[in-house]
Each structure stands twice: as structure tokens, then as C-alpha cells.
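*Asks:* build me a model from this:
(one chain, ligands or ions: 1)
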Amino acid sequence: MQKIGDSYFPTKEFKDGAWLNDDSIYEKAKKDPIKFWEDLAKELFWFKSWKKGFLHKPPYFQWFLDGKINITSDIFEKNNLDFKILKNKTALIWEAEPPEEKSRTFTYQELFKEVCQFANALKKLGVKKGDRVGIYLPVIPEVVISMLACARIGAVHSVVFSAFSPQALKVRLQDTAAKVLITADGYYRRGQVINLKQNADEGIKETEVKKTIVVRRAKNEVFWDEKKDAWYEDLIKDEKDFCEAEVMDAEDAFFILYTSGSTGKPKGCLHVCGGYTVQSYWTGKWIFDFHSDDIFWCTSDPGWITGHTYAIYSPLLNGITSLLFEGAPDFPTPDRWAQIVEKHKVSIFYTAPTAIRMFEKYGAEILSKYKFENLRLLGSVGEPIDEAAWLWYFREVGREKCPIVDTWWQTETGGILITSLPGIGPFKPAFTGLPFPGVKVDILDEKGKPCPKDVQGNLVILPPFSPGMFRGIYKNPEKYLETYWSQYGKEIYFTSDGALKDGNDLIRIIGRVDDVIKVAGHRVSTGELEAAINGHNEISECAVIGVPDEIKGEVPVAFVSYNDKKGVAEEVKKEVIDQIKKEIGPIALPKEVYLVEDLPKTRSGKIMRRILKRLFTGEELGDLSTLSNPESVEKIKNIIRK
Ligand code: WTA
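*Replies:* So this is what the prediction gives:
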């Protein structure tokens with residue numbers, strides 16, 4: 001890599017081999033973004049072409065109107081010629097958590113066969129186009145097969161991250177009203193078998209789920225209800241290995257994925273068939289520079305949007321090999337991830353800054369025995385990557401030869417919208433880059449005026465947005481309007497991220513400006529955590545804040561208003577943690593729980609979280625005169641100090 005000023009650029013060799021190596025693409029796209037996307041869309045397989053590229057009815061918009069498509073036909077049948085070439089190519093490599101367990105691989109043909117068999121089985125169970133299907137699976141090949149089988153028949157999948165608690169599963173299933181849930185007996189996590197079926201059984205109570213399909217993975221003992229439960233393997237056994245693709249309208253619902261917003265209740269982001277397919281294909285091809293022999297490892301669980309788009313749909317649409325790993329990257333040894341990169345000859349590695357900081361903490365010495373010869377490109381996603389972590393990744397993993405694409409996007413955007421392009425650059429530590437060709441963004445101040453360079457403002461996305469952006473919040477149009485289209489009106493999408501531009505228009509993401517926090521890259525909201533804690537019988541009031549953490553980026557800290565008359569503080573703290581485990585799962589446990597007499601409030605009764613945050617980080621507190629109970633501040637300070 002070449003260094004010019006504070007940025008890096010691709011080598012001539014990389015440039016020459018890249019799909020894109022000329023920055024004139026940005027100008028070309030800018031002239032007519034709708035036409036630009038339409039031209040890209042033409043390279044996919046459509047049953048019927050669209051009549052209109054883009055339609056804007058603020059705050060809603062549509063792409064490729066009246067076009068007919070099915071993403072699985074694009075993956076497996078594009079045109080028969082492609083599929084003939086692809087047939088024997090490895091689509092998936094799956095690595096189990098136990099290192100001694102054999103990896104599983106699927107060629108495109110094998111994958112297609114099993115997708116069709118399962119699609120036929122789902123149909124037999126009465127699942128039809130438009131029906132919602134819940135998927136609560138660990139990282140095993142069947143999660144991919146299940147999603148694709150739904151896509152094949154036009155059922156709307158809603159994947160729930162397997163580490164979410166039964167309660168979190170329930171809330172999501174209730175919202176989608178799914179009648180079928182696909183789960184597994186169990187899975188491995190850090191050497192333990194997690195009984196997922198038990199969680200699923202608990203989670204489907206008080207929902208409309210009538211049928212639970214269970215994949216046998218960990219062979220742990222599970223409770224069985226003959227009427228309700230069915231083994232996956234029994235269902236597909238006698239099914240035909242072809243299933244006709246359901247012809248989907250470009251704007252038909254494709255999937256719903258829940259994400260955290262400002263309130264306690266998660267929001268179901270609704271994605272559609274046409275635009276998502278087009279955007280997934282092209283962003284992968286250009287940002288990760290997918291070429292036919294690439295082996296791509298996106299470390300995200302398919303339960304998050306990153307896993308949906310870049311562990312599954314994008315690499316498969318591009319006909320390359322995607323690697324899935326069941327376990328934690330540092331188990332059983334800290335260099336497990338490096339072993340996997342070498343073993344499977346990974347050429348593109350895409351992970352989150354939290355993982356990078358964790359690898360860094362283990363020390364570069366353990367990496368000296370790895371050559372990483374096949375790696376040619378690295379990616380980062382999910383949280384801001386600081387300069388130190390960027391440089392470590394660049395040197396110790398990329399060996400100063402791999403470009404790093406720092407990719408900004410959200411569950412809502414469906415795919416990457418801001419990044420540097422690998423064959424063009426520049427790669428500037430801590431800066432994500434430029435909007436993807438055909439995407440228009442800006443950084444605005446509170447009044448809606450564009451911020452000058454180096455000044456932080458709110459990141460917004462401007463029309464025509466992007467084809468793969470979500471089309472709404474499932475069953476909640478008010479929330480959609482209020483969350484994204486009220487700050488600057490119905491024609492400007494508010495991302496809830498703070499950002500700034502440098503003199504070359506490169507964008508730096510500062511972080512969320514709402515109360516969403518990214519804990520180890522996982523998106524949770526402080527409101528959601530507070531709602532969970534308030535579920536405790538004896539707790540009526542609490543406040544959760546996000547504080548910086550060396551490895552995880554941010555972690556929650558909870559302040560709970562509790563009058564400890566009985567001297568049971570330690571038990572209550574433990575119960576607070578249990579409450580979060582129960583309502584959400586183990587992914588966002590607080591670093592500290594403080595029991596306090598009183599929380600600082602304004603005269604109108606609003607809890608001042610800002611003051612709590614400053615108390616914790618030791619920053620200047622500022623004006624306390626607006627508080628109704630300023631004396632609470634000193635008391636909390638003493639508790640934190642203790
Ligand atoms: C943050 C994950 C800095 C951001 C794909 C966004 C990032 C939220 C980056 C969405 C990045 C994502 N640099 N911050 N490269 N990528 N974020 O929905 O705050 O889980 O709003 O989607 O992650 O999180 P989500």
C-alpha cells in the first residue's frame with residue numbers, strides 16, 4: 001500500500017485487478033443516481049423488468065416498480081450458463097466451534113437442493129407467500145438454508161439472534177405473528193452446549209406459533225411435543241429437490257429484522273425483494289471486490305443485518321464462497337480466528353472493531369506464526385474504529401498490503417452506504433470514506449444547514465436514498481415517521497449518527513446521537529435496558545447510560561433507585577443483571593450497577609442521564625441549577641467513588 005499524507009492508497013497491482021479503479025464512477029453516478037441504479041439492476045435476473053425506477057411519496061419511496069424477481073433465482077439460476085459454472089463451486093464453508101469437529105461444505109448445487117427441499121417442506125406445512133416465519137438458529141448452515149427456503153417461496157423471514165433471551169424472542173414473534181419457528185436443539189458457545197430448544201419453547205408461549213422445526217445440531221436432550229415439534233431432517237428427507245421460485249414483486253416484503261431504537265420496544269425493519277437484491281449484489285461486488293475465487297469471512301451472526309447481507313446474500317449473489325463460524329473468535333485459544341483464516345484460505349475478512357481490539361489485546365506475538373498469505377482485503381463494520389485499532393489491523397492482520405474498507409451502514413439501510421472503495425481509496429484511519437456511488441448524504445446542523453468541514457453534525461441521507469433501504473417499520477408507521485423523518489422533514493432521512501467531513505469530503509462517524517449504544521458492535525438502546533430493569537418488582541426507577549470501554553467500544557452502566565432498608569444491595573444488583581438476561585439476553589450486561597437513593601432530575605421530572613454520564617467519566621458537571629434535587633449528585637458521586 002502506498003501512503004500519501006495521512007491516507008493510504010491501493011497498489012497498482014490491486015487497482016489493476018479491482019472491479020472499480022477510477023473515481024470517475026462517483027461523478028457518473030451523481031449525474032443521475034436513479035438511472036445509475038437502474039443500469040446496475042439490469043445485470044441481475046428479473047422475471048419481468050420494472051416500469052419505473054423510483055417513486056417518492058414522502059416519507060415512503062419505492063424502487064423498480066412492477067419488476068418481478070426472486071433472490072434465490074438470482075443466486076442459483078441467474079441464467080443457466082452461470083449456474084452451470086457455479087454448480088460445483090463451494091458456496092458455504094462451515095466451521096464448528098469444537099476445533100476437532102469436521103467442517104461442513106456445500107457446493108452451490110448442494111445448497112440449492114437443500115433449499116428447495118426445505119422450501120417444499122415449508123409449503124407442505126402451509127407456509128405461503130407473505131407469511132412470516134421466525135428463525136432462531138445458531139450459526140449453522142441451516143440458518144442460511146432456512147432463510148433461502150423462505151425467500152424461495154416468498155415467505156417473510158424474521159431472524160432472531162440466538163443469544164437473545166426467550167422473552168426477546170417472544171416480543172418479536174408476537175409482533176410478526178409468525179406461525180412457524182425454525183430453531184435447533186442446541187449449539188456450542190465457549191465449550192458449553194446451550195439448550196436453544198428450551199429457550200424457543202419458552203419464547204413461543206403466548207404467540208401464534210403452531211409448529212417448531214428443530215435442526216439437530218448439538219444432540220442435547222430436548223423436551224418434545226409430538227403435536228408441535230418436528231425434526232428438520234425428517235421434514236426434508238423425502239422432499240423433491242426442486243421447488244419453483246415464487247415470482248415476487250420488487251416491492252413485496254422480503255424480511256423483517258428487529259433493531260433497537262430509542263424506546264424499550266424493538267422496531268421491525270421491513271425490507272423488500274427488488275432493491276435489497278440489487279444493492280446487496282453491487283455493494284459486495286464493489287466494496288469487497290468479490291472475484292470468483294474469493295473466500296469471504298464475515299464474522300457477523302446472521303441474526304444481525306451484517307450477517308444477513310454480507311455473510312449470506314451478497315457473497316452468494318456474487319457466486320463466491322462464504323465462511324460461517326459457529327463459535328467465538330478467541331475460543332478455545334485466542335488465535336482461533338487466525339487458524340480459521342489460514343485453514344480455509346480466507347481472502348477477505350470482515351469484522352467489527354470490538355473483535356480487532358480484542359485481538360490486539362492478546363498481543364501480536366501469537367500471530368507471528370501466521371502468514372495470512374491469502375488475505376487481500378479487510379473490512380470493518382458496526383462501530384467507529386479508532387486510529388490505533390485501524391493501524392493494528394492494517395499492520396498485524398493485513399501486513400500492510402491489504403486495503404481496509406471501513407463500512408458505515410445500519411439495519412435500516414440494508415447494505416453499506418459509506419466507505420472507501422478498495423481499488424480507489426483513500427483509506428484514512430478513523431474515516432469511513434465517501435458515499436457509495438449513487439448515494440447522496442450530508443451532514444447538517446440542528447437547523448438543517450450543511451456543516452462546514454471538520455464540524456460535527458447529524459448524518460442524513462438524501463433522495464433518492466438507496467434501493468436496499470428499508471420501507472418502513474412493521475405495523476408502525478407512526479414510529480417510522482417520528483424516528484427518521486421528523487427532524488428535517490419527510491424528505492431527509494435522519495440516521496441518528498453524528499459525523500463530520502474532512503477537506504476531501506471523507507466522512508468520519510462519531511457515533512450515535514440518540515440513546516442507542518453499540519456494545520461490542522451489538523445494537524441495544526438504553527431505553528430497552530431500562531425497561532428490562534424496571535420489570536423487577538421492587539424497582540420503579542432507573543437510568544442506563546453508555547460509557548466508553550477499551551475493548552467493547554461502549555458498555556452500559558445502570559443507576560437504580562433503590563432504598564436498601566434490608567441491607568440486600570448485593571442481591572438486588574444481581575437481580576438487576578438477571579432481569580436483563582431474562583428480558584434481552586447476555587449480550588449487553590452492565591459493567592456496573594449502582595443502587596442510589598435518588599436520580600438527578602429536572603423540575604419537570606426528567607432524569608438527567610447526561611449528568612450521570614459525566615459523573616462516571618469524571619467530566620466537568622456543568623450547571624446543576626435546573627435540577628430539582630441537586631443534592632442527589634454529590635451522593636451518587638460518593639457511591640461511584642466507593
Ligand atoms: C454504527 C450495523 C462507525 C452507527 C451495520 C450506525 C458505525 C449503527 C459503522 C447501526 C462504522 C455502523 N463506523 N459506526 N463503519 N457502521 N456503525 O443497525 O452508529 O446494527 O447507526 O447496523 O452502527 O447499527 P446496526
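*Asks:* help me confirm that Leu257 is found in a strand?
*Replies:* Yes: Leu257 forms part of a strand when assessed by DSSP: H, G, I helix; E, B strand; the rest coil.
*Asks:* now the residue in the stretch 251-400 of the chain that the ligand sits nearest to: which helix or strand?
*Replies:* Nearest residue of the stretch 251-400 of the chain to the ligand: Pro384, at 4.0 Å (C-beta to the nearest ligand atom). (C-beta placed from N, C-alpha, C; glycine too.) Pro384 is part of no helix or strand when elements are defined by DSSP states H and E.
*Asks:* wait, what's in contact with the nearest residue to it once chain neighbours are set aside?
*Replies:* Nearest non-adjacent residue to Pro384, counting by C-beta to C-beta, 6 or more residues apart in numbering: Ile509, 5.3 Å away. Shown in contact with Ile509 (C-beta atoms under 8 Å, 6 or more residues apart in numbering): 384, 408, 418, 432, 459, 497-499.
*Asks:* ok, the residue of the stretch 251-400 of the chain closest to the ligand touching Gly521?
*Replies:* No: counting by C-beta atoms under 8 Å, Pro384 does not reach Gly521; the two are 10.8 Å apart.
*Asks:* please identify every residue contacting each of those two.
*Replies:* Listed contacts common to Pro384 and Gly521 are 353, 553; contacts here mean C-beta under 8 Å, 6+ apart.
*Asks:* just to revisit the earlier point, that's a strand at the residue nearest to Pro384, yeah?
*Replies:* Yes: the assignment for Ile509 is a strand, going by three-state DSSP.
*Asks:* now do it, the pLDDT please.
*Replies:* Note for Ile509: predicted pLDDT of 98.
*Asks:* again, but for Leu20
*Replies:* Listed pLDDT for Leu20 reads 98.
*Asks:* quick check, it in contact with Thr419.
*Replies:* No: contact criterion C-beta under 8 Å: Leu20 and Thr419 do not qualify, at 11.8 Å.
*Asks:* quick one: which of the two has more around it?
*Replies:* Neighbour count, other C-beta atoms under 10 Å: between Leu20 and Thr419, Thr419 has more, with 26 against 18.
*Asks:* re the thing from before, count the residues that sit near the residue of the stretch 251-400 of the chain closest to the ligand.
*Replies:* 21.
*Asks:* likewise for the one 3 residues further on?
*Replies:* Other residues lying near Glu387 total 12 when counted by other C-beta under 10 Å.
*Asks:* list the contacts of the residue nearest to it when sequence neighbours are not counted.
*Replies:* Nearest residue to Glu387, sequence neighbours excluded (C-beta to C-beta, 6+ apart): Pro429, at 4.3 Å. Taking C-beta under 8 Å, 6+ apart, we find Pro429 in contact with 6, 385, 387, 390-391, 394.
*Asks:* give the buried residues for the lowest-mean-pLDDT helix or strand in the chain.
*Replies:* Lowest by mean pLDDT, DSSP states H and E among the helices and strands of the chain is helix 80-86, with a mean of 84. Neighbour-count burial for helix 80-86 flags 82-83, 86 (criterion: 16 or more other C-beta atoms under 10 Å).
*Asks:* which helix runs longest in the chain?
*Replies:* Using DSSP state H to assign secondary structure, the helix with the most residues in the chain is helix 108-124.
*Asks:* list of residues touching whatever helix or strand comes next after it?
*Replies:* Next helix or strand after helix 108-124 toward the C-terminus (DSSP H and E): strand 132-136. Residues from elsewhere that reach strand 132-136 (C-beta under 8 Å, 6+ apart): 122, 127, 143, 146-147, 150, 155-160, 162, 164, 169, 172-173, 176-183, 196, 199-200, 203, 209, 256.
*Asks:* the ligand next: which of those are close?
*Replies:* Among the contacts of strand 132-136, not one lies near the ligand by C-beta under 6 Å from any ligand atom.
*Asks:* mind checking which of those are in helices?
*Replies:* With helices taken from DSSP H, the overlap with the contacts of strand 132-136 comprises 122, 143, 146-147, 150, 169, 172-173, 176, 196, 199-200, 203.
*Asks:* tabulate the residues you listed (TSV), appending neighbour count and pLDDT.
*Replies:* Output for those, formatted as TSV (neighbours: other C-beta atoms under 10 Å; pLDDT from 0 to 100):
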residue	neighbour count	pLDDT
Leu122	27	98
Val143	27	98
Ser146	29	99
Met147	26	99
Cys150	28	99
Leu169	25	97
Arg172	26	97
Leu173	25	98
Thr176	22	98
Leu196	25	98
Asn199	22	98
Ala200	27	98
Gly203	28	98
